[in-house]
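Trainee: this is the structure alone, sequence omitted:
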C-alpha cells in the first residue's frame, strides 16, 4: 500500500498487524458519504484469501469493540486527525484482498458481507453444536434439546473464547484462538467460482440486492470519479453462492 499512489490524508489510522489496518476519516458532512470505514488487508501468493487469525470477517463492527482503553493506539491516531470517534459508533468493514498467481494479480476491495453470510453468533453457535454432537455420540450420553439450545446460546460469543483462562494450580494459562478460513464459495479470487474477476484487475465489490442499491452505488461513484471516470469501469453483477448479488466495478491494472 505504501507504494500505491493515493491521498493518505483520507485515513484516520494506519496499523500493521492489528485490526483495522486502515480506517477512513469520518466525514462531517454525512449527506452522501459517512466515512469511518474500517479496512483489513489480506495478501496472498496464490488465488486464495489468506486466513484470518483471531478474527472473523464481518460486515460491520462497533467502534467500542476496537478501541479498548485510553491508551489504544487506534484511538490516539483517530483523535490526532481530529475525528470525533464515537460520532459514528457502527462502522462498515471492507477487506482489501490481493492474490497473485505466476505473473498475474487480482485486487478486490470487498464489503464484509461477502464473507459474513450468516451472523458471527450463529456461526460460532453452529460450530460449537457440531463439537457437542460429536462428543455426545462418542460418549453415548444424552442431554435434553432444551439444555442443548441453552448451551449453544451461551457459547456463541467470540470474546468469551478469546479471554485468557487462569486455572488454579495450573502452571499454564489457556486461551482459545479462532482461525477463520474462507471456503471456495466465498473466495472472490477463485477463477472457478468467480470467473468474472479477471487477472490483472482492480475490483470494487459491493452488495447489490435491489435496483435502488445499484443506482445509489453508481451515483456515488460518479460523484467521486465524474461521468468520464465512471465510463472507464467495467460494471457487472456477480452472484455470491450464499449471499445474493454483488455489483463489481472493475478496471484493468
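Mentor: Nice, thanks for sending it over. All figures in this text were calculated on a predicted structure; none of them were measured in a lab. Numbering: from 1, shown residues only.

Trainee: next helix or strand past the helix or strand hosting residue 216?
Mentor: With the criterion set as DSSP states H and E, the secondary-structure element containing residue 216 is helix 211-230. Read in the C-terminal direction, the helix or strand following helix 211-230 is strand 234-240, with elements assigned using DSSP H and E.

Trainee: what does that next one contact?
Mentor: When contacts are taken as Cβ atoms under 8 Å, 6 or more residues apart in numbering, the neighbours of strand 234-240 outside the stretch itself are 114, 117, 185-186, 194, 196-197, 205, 208, 218, 245-251. Heads up, the C-betas are built off the backbone N, CA and C, glycines and all.

Trainee: mind running it again at 6 Å?
Mentor: Contacts of strand 234-240 from elsewhere in the structure, counted by Cβ atoms under 6 Å, 6 or more residues apart in numbering, are 194, 196, 245, 246, 247, 248, 249, 250.

Trainee: and for stretch 153-166?
Mentor: The contact list for stretch 153-166 (Cβ under 6 Å, 6+ apart) reads 121, 124, 125, 128, 173, 174, 175, 176.

Trainee: check stretch 67-78 too.
Mentor: Contact partners of stretch 67-78, identified using Cβ under 6 Å, 6+ apart, comprise 12, 13, 66, 85.

Trainee: 7 Å - rerun?
Mentor: 12, 13, 15, 23, 66, 85 (Cβ atoms under 7 Å, 6 or more residues apart in numbering).

Trainee: buried subset of those residues?
Mentor: When those are checked for burial by 16 or more other Cβ atoms under 10 Å, the buried set is 12, 13, 23, 66, 85.

Trainee: report the two of the residues you listed separated the most.
Mentor: With distance counted by Cβ to Cβ, no two of these lie farther apart than 12 and 66, which are 12.0 Å apart.

Trainee: residues of the worst-scoring helix or strand of the chain on mean pLDDT that come out buried?
Mentor: The least trusted helix or strand in the chain, going by mean pLDDT, DSSP states H and E, turns out to be helix 158-162, with a mean of 79. Residues of helix 158-162 classed as buried under the neighbour-count rule (16+ other Cβ under 10 Å) are residue 158.
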